[in-house]
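# Below: sequence and its predicted model.
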There are 2 protein chains.
Amino acid sequence: MENIGAGEESARILRDEIKALASEIQALKSVEGNEDLTERNVTCMMEQKPLASHESQKKFEIRCPRGTRDYGPQDMALRKQVLDVVTECFKRHGGVTIDTPVFELRNILMGKYGEEGGKLIYDLSDQGGELLSLRYDLTVPFARYLAMNKTVMYLKRYHIGKVYRRDNPSRGRFREFYQCDFDIAGSYDLMIPEAELLRIISEILNALDIGTFEIKVNHRLLLDGMFTVCGIPKKYFKTVCSSIDKLDKLPWENIRNELCTDKHIHSDVVNKLETFVRLREHDNSLTNFDLLNWFEKDETTSKNNDIQKAVSEMKQLLEYCELFGILSTVTIEPSLARGLDYYTGAIFEVTLKDTFEKTPMENGNADEEIQAVNIGSVAGGGRYDNLVSMFLPKQKVPCVGISIGIERLFTIMKEKSKMEHMRSKDTEILVVSAQKKLVKERMKICRLLWDNNIKAEMALKANPKMLDQMQYCEEHKIPLAVIVGERELEEGILKLRDVPSRTEQDIPRDSLVEELKRRLKHL
Amino acid sequence: MENIGAGEESARILRDEIKALASEIQALKSVEGNEDLTERNVTCMMEQKPLASHESQKKFEIRCPRGTRDYGPQDMALRKQVLDVVTECFKRHGGVTIDTPVFELRNILMGKYGEEGGKLIYDLSDQGGELLSLRYDLTVPFARYLAMNKTVMYLKRYHIGKVYRRDNPSRGRFREFYQCDFDIAGSYDLMIPEAELLRIISEILNALDIGTFEIKVNHRLLLDGMFTVCGIPKKYFKTVCSSIDKLDKLPWENIRNELCTDKHIHSDVVNKLETFVRLREHDNSLTNFDLLNWFEKDETTSKNNDIQKAVSEMKQLLEYCELFGILSTVTIEPSLARGLDYYTGAIFEVTLKDTFEKTPMENGNADEEIQAVNIGSVAGGGRYDNLVSMFLPKQKVPCVGISIGIERLFTIMKEKSKMEHMRSKDTEILVVSAQKKLVKERMKICRLLWDNNIKAEMALKANPKMLDQMQYCEEHKIPLAVIVGERELEEGILKLRDVPSRTEQDIPRDSLVEELKRRLKHL
């Protein structure tokens, strides 16, 4: 041992260090749900170690950040199609749109998303001046906008934008995704805006033709009232709520266990709660009105003011839904809770009844860890009357909104359209040359077409091959080709080719635009 | 002094500390151009001091982060109008669109934006796992996309999205703004894609009708060649470039001073350089061809291969521009440099010749420090043949692109449209009730209209006043009102009111949709 040279000695030390680090990594990995912490530690270790850092410099990774992905032209064409349906519906209902910055002062976001949500907020580095975070949803920025613009007391606004959550990509969650919100701000009469929102989401889902759906409705006051009646102390409301909300995904036994064992709620209390939240499970013949009547008549719940207020409001909502022709899709669901702190009245969640399989992302550049997403909830929302006054105590602007999980709709629509080739390019005409040295002639024709607002392209090479040009038409489903060659130049004509049928026709150069416009009208 | 009590003693210490901090702040503030550092230090100090932190908790600020702002409905309507023109043009030229995440792995962005640009990159906090930064432009993410999708060797893509720069808001710069890029990737023949890009920007500026503009063109090889001929060592190219680029804003004397004094370039060298970059200044009758011919014939430049290559390429570009009908707006400008590291060929910059004044933001929520923006450059771009291979050495995808400073176009268009009332809402019909207790009747009519894709709204109150409903029509320029009252219900009719003329007509209920569609067609 004493004879080991200096080089060997330092190599041994390094090897030992690596060994120690490896077991540290192992130890960290064994802590469940700690993937991010592990990653961070690994990164730090890598950066400190010369050997490792040399290694990491070599593999400079070309990829998107975890939980994010690119959208290629085909994906974008599909997205546009879906968003056009959504936007058209929002406008049909008098919506106007606003835009807010992608990051907010950190204070604006704090304390709005419950314990779980708060952990998922992306912070920007403190590079001097302000503490900023990426927006977590579009609702809090909307409330901040209303608080800042004190004269805006009424607003039907929609907002389509990306939001950011440091969620776990290995659980199939994206960290950057679009939301699509419609919110109604203003002191209106109860349940009229709510009913319009449910009509809006119904119109959109019907227009997209993606199968049957169910609109679940609950009310914050029904939840609060049930908890009170069961004898749950107020400080436990939030935590009980978040357990109850899992009832659509987990069996009651798991929820019961969570409440009794993890959250130390007395089993008598949990039993009482079970009666309320499993009403539908125990008797699936219950209509919405049966259910609400049960709460009106039950010995304990009939005496609770919160519950009676909630029941009467939901009856009103059902009546309006009938007038709007959407009653058959609405289900009152006493276990629906949703995780957000700011709801004060009606709460909605829209689920699809059919399920779809996931296809891999275009270009295969999605994070490999992202797995099949269970298509369930496609929209959610509710009333939040106090959010604006959280920012500005004197400003009372009641609000109610719905947020569409547009990413899920994209996934479903992609599955649906799998068979059809979606055009990502709008080009109507390719200007083609039959021989070499005609680039200037093609340019002149392109100019003429562009001057007349015709969607035209030419190969961007001086001497492209005829075959390549025609293949470009086929590949991009460009319906017409204008062909110029020496003969055509001599005779003052152009050849017009219908790409699918391959039929050709000579056109006098002077009447090209007119003829193209005529043909394009009939495509 | 010995008799001071414990409370008084600690108060004294705190007061002394505050005094010391105040002078530290003063000292920091006196360092010019150090606003952000000062801010950061002040923030840190505030957070450490209990007294100060108590103060800062009280003023919880409701505002956008510095250098960002909201867009209200009116602003958004204008933006949509401008973006529709831009998008339509991009599609006319066969553009397809992609979307990339708003943040990238930090390594992807490093070393792409020159010394100045690099400092402005927004970093995300290291919350475990990855080092991320907000995108600085749309070009580098596009090159990263091409490097990741190896089969994509040809692409005409456009991308409209927000980019982020930690620039100084007090110098009139926004930190979040839209860019609007069109790039052509692929091994095409020289100057054909370049000419199409210049045609695209011309079409857009003409369609927006915002006055005359000038497209300045230069070539990286002309710059490099001039520097070589002048005897500037290669390692000084970038720094000389960034000085020369200021020539459109500063007089030559300032540039000269910067080069000689700050950058230690020998005055003989600077004199030689002056001859080249001030060719146009010294003889403003020079045509583009005169200028290029000068470089072809001059004793020193005629022997430089880079310069001769640049001259021949630019002559080709001018010829193509003539064919595309845009030659009159193009000016070859040997001093045009632009700050980006990645340009390899032609470089463009588009400036407006008229200037406009700035109007305050809608809702007045812009950062107060943001001052009048000088409308000058509205677009810029160039060829960057090596950016993709910076990510993936084996992948050679030559690219050329143009980026439109769409924010400036919004500002100009806002100024232009100042007089007209821009509609932010599309609603065509307001369903109005003449008496109380008719909310359900209004709902039924709304449902009928929505079922027929008619853009309709109703007041969201149970018993709105007639006057309020009619005012809503006026305010939002809703052209038609359908009025239901007790008489109308009895007679099975509805009253249709033309809002601007206030003329009314009774319509049988059954023919309402038909009549509305007929009227809307003529609006």
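Structure received.
# ok, which stretches of the stretch 151-300 of chain A are strands?
In the stretch 151-300 of chain A, the segments counted as strands under DSSP state E, counting those that start in this stretch are A:155-164, A:176-185, A:213-219.
# so can I have TSV of those showing distance to B:Lys272?
The C-beta positions use only the backbone N, C-alpha and C, and glycine is treated the same way. Formatted as TSV, the strands of the stretch 151-300 of chain A follow (distance: least, Cβ to Cβ, whole Å):
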stretch	distance to B:Lys272
strand A:155-164	51
strand A:176-185	51
strand A:213-219	74
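# Tabulate the ones you listed in TSV, adding columns for distance to A:Ser267 and mean pLDDT.
As requested, the strands of the stretch 151-300 of chain A are exported to TSV (distance: least, Cβ to Cβ, whole Å; pLDDT from 0 to 100):
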stretch	distance to A:Ser267	mean pLDDT
strand A:155-164	39	97
strand A:176-185	40	96
strand A:213-219	24	96
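# Now do stretch A:206-224: distance from first to last residue.
34 Å (Cα to Cα, to the nearest Å).
# among the strands of the stretch 151-300 of chain A, which is nearest B:Leu520?
strand A:155-164 (20.5 Å; Cβ to Cβ).
# Neighbouring strands - and their directions - for that closest one?
If you go by DSSP bridges, strand A:155-164 pairs up with strand A:96-97 (parallel), strand A:176-185 (antiparallel).
# Now do it: distance to the chain's middle.
11 Å (Cα atoms, centre = their mean, to the nearest Å).
# Need the residues that contact it.
A:83, A:86-87, A:90, A:93-100, A:102, A:121-122, A:134-138, A:142, A:146, A:175-186, A:406, B:73, B:102, B:457 (Cβ atoms under 8 Å, 6 or more residues apart in numbering or on different chains).
# And stretch A:482-495, by the same measure?
Under Cβ under 8 Å, 6+ apart, the answer for stretch A:482-495 is A:429-435, A:438, A:441-442, A:445, A:449, A:456, A:496-497, A:504-509, A:512, A:516.
# switch to 7 Å and redo it
Stretch A:482-495 has contacts (Cβ atoms under 7 Å, 6 or more residues apart in numbering or on different chains) with A:429, A:431-435, A:438, A:441-442, A:445, A:496-497, A:504, A:506-509, A:512.
# Which members of the residues you listed occur in helices, if any?
A:Glu441, A:Arg442, A:Ile445, A:Leu512 (DSSP state H).
# What average pLDDT does stretch A:324-335 get?
Computed over stretch A:324-335, the mean pLDDT rounds to 95.
# With stretch A:376-385 instead?
The average of the pLDDT scores along stretch A:376-385 is 93.
# domains for chain A, by residue range?
Listed domain ranges for chain A are A:4-52, A:73-354+A:374-419, A:429-521 (source: the TED database).
# Please work out which of these is packed deepest.
Ranked by average neighbour count under the criterion mean count of other Cβ atoms under 10 Å in any protein chain shown, these are headed by domain A:73-354+A:374-419 at a mean of 19.
# hmm, back to that, and of the strands of the stretch 151-300 of chain A, who's closest to A:Thr68?
For those, distance to A:Thr68 was read as Cβ to Cβ. The smallest value, 4.5 Å, belongs to strand A:176-185.
# Extract the C-alpha trace of stretch A:493-500 and format it as CSV.
Taking Å, rounded to 0.1, in the frame of the first residue of the first chain, the C-alpha atoms of stretch A:493-500 are listed here in CSV:
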residue,chain,number,x,y,z
ILE,A,493,-49.4,30.5,-72.3
LEU,A,494,-49.1,28.5,-69.1
LYS,A,495,-50.0,24.9,-68.4
LEU,A,496,-52.4,24.3,-65.5
ARG,A,497,-52.2,20.9,-63.9
ASP,A,498,-54.8,19.4,-61.6
VAL,A,499,-52.6,17.4,-59.3
PRO,A,500,-55.0,14.7,-58.1
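# so how far is it from its chain's centroid?
44 Å.
# And for stretch A:281-295?
33 Å.
# again, but for stretch A:72-79
Distance of stretch A:72-79 from the chain centroid (Cα atoms, centre = their mean) equals 15 Å.
# Over to stretch A:272-284?
Worked out by Cα atoms, centre = their mean, stretch A:272-284 lies 32 Å from the chain centre.
# Check stretch A:386-398 too.
27 Å.
# Show the end-to-end separation of it, please.
Start-to-end span of stretch A:386-398 (Cα to Cα) is 7 Å.
# How about stretch A:457-468?
Across stretch A:457-468, first to last residue, Cα to Cα, it's 14 Å.
# same check, this time on stretch A:126-144
Note: stretch A:126-144 ends 22 Å apart using Cα to Cα.
# Kindly report the same for stretch A:434-442.
Span of stretch A:434-442 from end to end, Cα to Cα: 10 Å.
# hmm, it in reach of chain B?
Yes. Using Cβ under 7 Å from any Cβ of the partner chain, stretch A:434-442 reaches chain B at A:Val439, A:Lys440.
# How far off centre is that stretch?
48 Å.
# Can you list the neighbours in contact with that stretch?
Contacts of stretch A:434-442 (Cβ under 7 Å, 6+ apart): A:431, A:433, A:458, A:462-463, A:466, A:483-486, A:489, B:192, B:323.
# Low-confidence regions, the stretch 51-200 of chain A specifically.
Scanning the stretch 51-200 of chain A for pLDDT under 70 picks out the ranges A:51-59.
# one more time with 90, if that's ok
A:51-61, A:111-119, A:126-129, A:151, A:167-173 (pLDDT under 90).
# Which parts of it are helices?
A:73-92, A:106-109, A:114-118, A:139-148, A:192-208 (DSSP state H, counting those that start in this stretch).
# B:Thr239: which of these is closest?
Closest among those, using Cβ to Cβ: helix A:106-109, at 38.0 Å.
# Not counting residues beside it along the chain, what's closest to A:Ile192?
B:Leu460 (4.5 Å; Cβ to Cβ, 6 or more residues apart in numbering or on different chains).
# Does A:Asn288 touch A:Glu333 like I think?
No. A:Asn288 lies out of contact with A:Glu333 (Cβ atoms under 7 Å); the separation is 9.5 Å.
# is stretch A:401-416 anywhere near chain B?
No. Judged by Cβ under 7 Å from any Cβ, stretch A:401-416 makes no contact with chain B; its nearest approach is 11.5 Å.
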